[in-house]
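Colleague: let's see this in three dimensions:
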Amino acid sequence: MDPDEKMKGKVKGDKGTSKSPLWFKEAIIYHILIDRFAGYDSSLDWKKPAFMGGSFAGIREKLEYLTDLGVNTLWLSPVNAGTAYHGYHITDFFTTDIHFGTEEALNELLQAAHQRNLRVILDFVPNHCSHQHPFFVQAFQDSQSRYRQWFYFSRMGNSYKSFLHFKELPKFNLENKDAASSIFIKKKPLGMEVTPEVATYRAKYREQDGKSFFTYSRAEVKFKVNWKRKLFHTYYTTMSEMAITDRTNEEVIKFAGKEKLRYTDVFSEKVEAFTDPDFWGDYNVIEPDQSIESAIRRLSRKLKFSDRKEE
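Modeller: Take a look at the predicted model:
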């Protein structure tokens, strides 16, 4: 089949009206097993299931080679800390494996890839973990552990479900809400138990000059709170929106790696600031029942009307 014709083929499940991002349909993906791609010790026996030293820095040095191949997307094997060179035996979902490099080194790789217009897909494994993960170790050793229900243990004995037949990869019980809470809830006040009910995320992109640019995102999490000293539980919804109203390539300021936000950062705000109508002054244009998109449209109309009056 002619490559151009192949690229025109439909994505699986596409009925001819697919809204899949254009980049996905046109992606030329190069899959990288981090430990064995670049930066490793070539004197070691690659046939042995052990870390050889492949790294984020090694991949970064090969970006020119990859772009020369015509690749436009990189798919990296899991980057999380684990016990196996291939990355699928995870012991900590919130750190990078030091064998591959630091989180800062990963960010440097991503920046360098984006400068070459390369997209990067990170392989994520939510289905299972290593049998050496601290939560599983505790659940295996103690049948009364709070983590026992995070996995599929049998009622009698200590047998458990695993990924395929690999007992070193116990499966997460993703229907357990405590396990789900660990993903979304990092810090909370004492005396409360938080359980996520619904989590949604939406992002929009705009195509310009053959490239897709981020324009809008909305994240919403609905959760239930049980209070130790209260009879009834309460429900809360958190929602955040971000929109790009204008974009320029002039005077672009790049943040140093140490100044960038990390996924472990926690923000807090005082409710009083948002309930005080005078706090934001002329910028207080978003009504409680409005989305940020509607506010932006209203502001745009206002600015256009103002420009016409000045003319």
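Colleague: and the strand or helix carrying Phe140, which residues are buried?
Modeller: Per DSSP states H and E, Phe140 falls inside helix 134-141. Residues Phe135, Phe136, Ala139, Phe140 are the ones in helix 134-141 that count as buried (16 or more other Cβ atoms under 10 Å). For every residue, glycine as well, the C-beta is placed using N, CA and C.
Colleague: got a list of what the second one touches?
Modeller: Taking Cβ atoms under 8 Å, 6 or more residues apart in numbering as the contact definition, Phe136 lies against Cys129, Ser130, Tyr147, Trp150, Phe151, Pro170.
Colleague: how about the third one?
Modeller: Listed by Cβ under 8 Å, 6+ apart, the contact set of Ala139 reads Ser145, Tyr147, Arg148, Trp150, Phe151, Phe153.
Colleague: swap in the last one?
Modeller: Counting by Cβ under 8 Å, 6+ apart, Phe140 makes contact with His131, Asn158, Tyr160.
Colleague: what's the neighbour count on the last one?
Modeller: Applying other Cβ atoms under 10 Å, we find 18 other residues in the vicinity of Tyr160.
Colleague: quick check: the gap between the nearest residue to it once chain neighbours are set aside and Glu108.
Modeller: Once flanking residues are discounted, Tyr160 sits nearest to Phe153: 4.8 Å by Cβ to Cβ, 6 or more residues apart in numbering. As judged by Cβ to Cβ, to the nearest Å, Phe153 and Glu108 stand 41 Å apart.
Colleague: do Lys260 as well
Modeller: Plainly put, Lys260 is 11 Å away from Glu108 if you go by Cβ to Cβ.
Colleague: those two - which one has more neighbours?
Modeller: Applying other Cβ under 10 Å to Lys260 and Glu108 shows that Glu108 carries more neighbours, namely 16 against 13.
Colleague: tell me the contacts of that one?
Modeller: Residues in contact with Glu108, defined by Cβ under 8 Å, 6+ apart, are Phe56, Ala57, Arg60, Gly257.
Colleague: just the strands in the stretch 101-250 of the chain please.
Modeller: Here the stretch 101-250 of the chain has its strands, by DSSP state E, counting those that start in this stretch, at 119-122, 192-208, 211-227, 234-243.
Colleague: now the first one: average pLDDT?
Modeller: To tie it back to what came earlier, the one meant is strand 119-122. For strand 119-122, mean pLDDT rounds to 90.
Colleague: which of the residues in it are buried?
Modeller: Using 16+ other Cβ under 10 Å as the test for burial, strand 119-122 gives Arg119.
Colleague: dump that strand to CSV, keeping only the CA atoms.
Modeller: The C-alpha trace of strand 119-122 is given here as CSV (Å, rounded to 0.1, in the frame of the first residue of the first chain):
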residue,chain,number,x,y,z
ARG,A,119,5.3,15.2,20.4
VAL,A,120,6.0,12.9,23.3
ILE,A,121,3.7,10.2,24.6
LEU,A,122,4.4,8.8,28.1
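Colleague: show me what contacts Met192?
Modeller: Contacts of Met192 (Cβ under 8 Å, 6+ apart): Val225, Asn226, Trp227, Lys228.
Colleague: could those go into a markdown table alongside pLDDT?
Modeller: Shown next, in a markdown table, are the contacts of Met192 (pLDDT from 0 to 100):
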| residue | pLDDT |
| --- | --- |
| Val225 | 80 |
| Asn226 | 78 |
| Trp227 | 75 |
| Lys228 | 74 |
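Colleague: lowest-confidence helix or strand of the chain?
Modeller: helix 3-7 (a mean of 35; mean pLDDT, DSSP states H and E).
Colleague: all the helices of the stretch 151-300 of the chain, residue numbers only.
Modeller: 177-184, 271-275, 292-310 (DSSP state H, counting those that start in this stretch).
Colleague: ok, of these, where does mean pLDDT dip lowest?
Modeller: Among the helices of the stretch 151-300 of the chain, helix 271-275 carries the lowest mean pLDDT (a mean of 57).
Colleague: how far off centre is stretch 110-124?
Modeller: 13 Å (Cα atoms, centre = their mean, to the nearest Å).
Colleague: which residues does that stretch contact?
Modeller: 23, 27, 29, 60, 63-64, 66-67, 71-79, 87, 109, 211.
Colleague: out of those residues, which are buried?
Modeller: 27, 60, 63, 66, 71-74, 76-79, 87, 109.
Colleague: where in the stretch 1-150 of the chain is pLDDT low?
Modeller: 1-22 (pLDDT under 70).
Colleague: go again using 90 as the cut-off
Modeller: The stretch 1-150 of the chain contains residues with pLDDT under 90 at 1-28, 38-54, 72, 87, 92-95, 103-104, 117, 121-129, 142-150.
Colleague: still on that earlier bit, drop anything exposed from the contacts of Glu108.
Modeller: By 16+ other Cβ under 10 Å, the contacts of Glu108 give Phe56, Ala57, Arg60 as buried.
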